[in-house]
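Undergrad: structure for this input, please:
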Amino acid sequence: MNDHAADLVRVLGQAHLDASPIAARTAQIHADVLSKSTYLDGPNFTRIHTADLEFLFDAYDNTFFGGRIRGAIGDAALGFTLSRRMTRAGGQTRRYRDQQTGVLHYEIGVATSLLFGCFQGDDHRPIVASGIVCRDRLDALQRVMEHEITHLVEFLAWGESSCARPRFCSITRDFFGHTENTHGLITPSERAVVKFGITPGMKVRFRFEGVEHTGIVNRINKRATVLVEDPRGARYSSGKRYAKFYVPVQNLEPAE
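TA: Residues are numbered from 1 along each chain as shown. Here you go, the predicted model:
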């Protein structure tokens, strides 16, 4: 452990912020991101860039950790990604070593599909992330970033991270006021159930290229994956063969 990482561990063990300073700091970060971003067009932004994630990360590092996270990263690389494919997790933090250069990499990814799937005006419940009610999309992004930053500081300080363990929970509580360690955003599966009554395992009908098909909903991400029996399709564990269709949930209707 280098000196910067040891300093980070010391801060992690000593800090315990009350609700008021946490709220003041996160509100200031919220305002700074909106005022300085060239991509975000409002609290319920309709576009975002990885530069926004990096700015948000540095704002948290400077505000809550005095820049110690960047110091602990040292010569390692830190990158940021936006993912439309993540539909269950709000974010992901990875730690890996480049096989060619030997450089250690850290990467924070955020699920845009979940962010843009909320605050659309037809949400059926309050949007809660990490146990905190979010007023807008940027609020939710901040909760996701706080969660992922905690994964990163655990990697830097102890070489491993798990949001199921007490240490992670204490860090998110003491620094960010989190009462839960799940994102709580509306997933495509939840929206499909509430808005359209479609659930995995349900028998459904849909039209594709003018032909009506009947199949079983296998899973729901941005679209529903529907399996239709087809002798030319791939064989599944049931012994049956199915063709796979990716169908917008609003184009499905229950077949029974």
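Undergrad: how close does the residue nearest the centre of the chain sit to residue 59?
TA: Centre of the chain computed as the mean C-alpha position; nearest residue by CA atoms, centre = their mean is residue 90, 1.5 Å away. Per CB to CB, to the nearest Å, residue 90 is found 19 Å from residue 59. Where you see a C-beta, it was placed from the backbone N, CA and C, and this is true even at glycine.
Undergrad: what's the burial count for residue 40?
TA: The number of residues packed near residue 40 is 22, by other CB atoms under 10 Å.
Undergrad: kindly report the same for the one 10 residues further on.
TA: By the criterion of other CB under 10 Å, residue 50 has 15 neighbours.
Undergrad: where does the nearest residue to residue 106 once chain neighbours are set aside fall, secondary structure wise?
TA: Excluding the flanking residues, the one nearest residue 106 by CB to CB, 6 or more residues apart in numbering is residue 78, at 4.9 Å. Element membership for residue 78 (DSSP states H and E) is strand 77-83.
Undergrad: next: residue 89.
TA: Short version: residue 89 belongs to no helix or strand, going by DSSP H and E.
Undergrad: and it, what's its pLDDT?
TA: You'll see residue 89 listed with a pLDDT of 75.
Undergrad: list the contacts for the closest residue to it other than its chain neighbours?
TA: Counting by CB to CB, 6+ apart, residue 111 is the residue found nearest to residue 89 once chain neighbours are left out, at 6.2 Å. For residue 111, the contacting residues are 83-84, 86-87, 89-92, 144, by CB atoms under 8 Å, 6 or more residues apart in numbering.
Undergrad: which strand residues bridge residue 111?
TA: Beta-bridge partners for residue 111, by DSSP bridges, are residue 83.
Undergrad: just the strands in this protein please.
TA: Counting by DSSP state E, the chain has strands at residues 77-83, 91-97, 104-111, 128-129, 132-133, 203-208, 211-220, 224-235, 241-247, 253-254.
Undergrad: other residues contacting the fourth one?
TA: Here strand 128-129 makes contact (CB under 8 Å, 6+ apart) with 90, 134, 139-140, 143-144, 183-185.
Undergrad: in helices, which of those fall?
TA: Counted as lying in helices by DSSP state H, out of the contacts of strand 128-129, are 139-140, 143-144.
Undergrad: ok, so of those, who is nearest residue 104?
TA: residue 144 (23.4 Å; CB to CB).
Undergrad: I'd assumed residue 90 was in contact with the closest one.
TA: Yes: judged on CB atoms under 8 Å, residue 144 makes contact with residue 90 at a distance of 4.3 Å.
Undergrad: now for these two: what residues contact both?
TA: Common neighbours of residue 144 and residue 90 are listed as 110-111, 129, 183 (criterion: CB under 8 Å, 6+ apart).
Undergrad: need these in JSON lines (columns: distance to residue 252 and pLDDT).
TA: Shown next, in JSON lines, are the shared contacts of residue 144 and residue 90 (distance: CB to CB, whole Å; pLDDT from 0 to 100):
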{"residue": "110", "distance to residue 252": "29", "pLDDT": "95"}
{"residue": "111", "distance to residue 252": "23", "pLDDT": "91"}
{"residue": "129", "distance to residue 252": "29", "pLDDT": "90"}
{"residue": "183", "distance to residue 252": "26", "pLDDT": "70"}
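Undergrad: out of these, the closest to residue 248 would be?
TA: Among the shared contacts of residue 144 and residue 90, and counting by CB to CB, the member closest to residue 248 is residue 111, at 19.0 Å.
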